[in-house]
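Trainee: what follows is a predicted structure for the sequence shown.
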Amino acid sequence: MDVKKVFGKTIFFIFIVAFVALFSVAFGYKNALIGVMIIVAALMLLGRDMTSKAGSSFFWLLIINLSIGIGSFISSSNIWLGLIINFSLIFVLTYVLASDMKSSVEFPFLLGYILVLSMPVTAEELPLKLLALTAGTIFIVGLNLLVHKKTPTKITGHSGIVALLDMVCDSIDRISAGETVDPEIFNKGSRSIRSGIFDRLQKSFYSTPESRSVMNMAVSIEQLGKSVCREKMDGKTLSEIKDVLTAIRSCTAQELSVDETHERIGIHRTSERCAV
């Protein structure tokens, strides 16, 4: 038996129980099941980095949680409205949250809705329930930001390409100084861009020419970086590669078109030859 694993799971279980207990103390025993929903949702959403879009993540999570609270209240008050609301809310939650078949983000919210329905509240108690759901939303986003604050921000689009170009230029400087650079460092940066594009595809369900261009550029720069690290290039070759990448980086940071980038690089190389 792995003692460390058992100890870790025990601490994890104690944390969950303590959170639900504190939540029920703060918002009443009738809202204890909301605490269960919140802690399950917070832990399941840790797999998604919200640091780059904390505001929009908080807004949509708040809308979902408040819809659960208001929908459960109306459903408990009127059985006929409840039939319509239950079907509509579950359908919308499933449709919006279950687009990614690799994860079950919808599970804690559907579970939470069922749990909240099991403990109906009066009109006087509804504001406290909505307050509990709002506080829970703050906890979900806050925990996510706390966990991911030390991880690199997910980079996509132009900013991602610029970051990859900086990695290659930095590797060239280190190699020129006599250091050995692990080519696998480029996997992480390229993976971040691919992950960002995948997140966008989850919402729109199709790729755009821009997404494909960014993906192709990311793969090309990744392979160039690995080649720089693996191949024994002379100082002149490394310097020329860095000059071209620096020019491309400048164009990418300014979000210039491909034609403008080609023109800028051509001017850069021409001026360099004249200087020689």
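Mentor: Perfect, thanks for sending it. Numbering: from 1, shown residues only.
Trainee: how many neighbours does Val92 have?
Mentor: 13 (other CB atoms under 10 Å). C-beta coordinates here come from the backbone N, C-alpha and C atoms, glycine included.
Trainee: make 18 the first number, not 1, from now on.
Mentor: All right, first residue 18 from here; so that's Val109.
Trainee: what's the helix or strand for it?
Mentor: Per DSSP states H and E, Val109 falls inside helix 96-114.
Trainee: average pLDDT across that helix?
Mentor: Averaged over helix 96-114, pLDDT sits at 84.
Trainee: beyond that helix, next helix or strand please.
Mentor: Immediately after helix 96-114, counting by DSSP H and E, sits helix 123-135.
Trainee: let's see the very next helix or strand once past that following helix as CSV, backbone CA atoms only.
Mentor: Following helix 123-135 in sequence order, the next helix or strand is helix 143-165 (DSSP H and E). C-alpha atoms of helix 143-165 as CSV (Å, rounded to 0.1, in the frame of the first residue of the first chain):
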residue,chain,number,x,y,z
LEU,A,143,-33.9,32.7,-1.7
PRO,A,144,-31.6,35.7,-1.4
LEU,A,145,-29.3,33.7,0.9
LYS,A,146,-29.2,30.9,-1.6
LEU,A,147,-28.3,33.3,-4.4
LEU,A,148,-25.6,34.8,-2.1
ALA,A,149,-24.2,31.3,-1.5
LEU,A,150,-24.1,30.6,-5.2
THR,A,151,-22.4,33.9,-5.8
ALA,A,152,-19.8,33.2,-3.1
GLY,A,153,-19.3,29.8,-4.5
THR,A,154,-18.6,31.2,-8.0
ILE,A,155,-16.0,33.5,-6.4
PHE,A,156,-14.4,30.5,-4.7
ILE,A,157,-14.3,28.4,-8.0
VAL,A,158,-12.6,31.2,-10.0
GLY,A,159,-10.4,32.2,-7.0
LEU,A,160,-9.1,28.7,-6.4
ASN,A,161,-8.4,28.3,-10.1
LEU,A,162,-6.4,31.5,-10.3
LEU,A,163,-4.5,30.5,-7.1
VAL,A,164,-3.5,27.1,-8.5
HIS,A,165,-2.6,28.4,-12.0
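Trainee: appreciated, that's everything.
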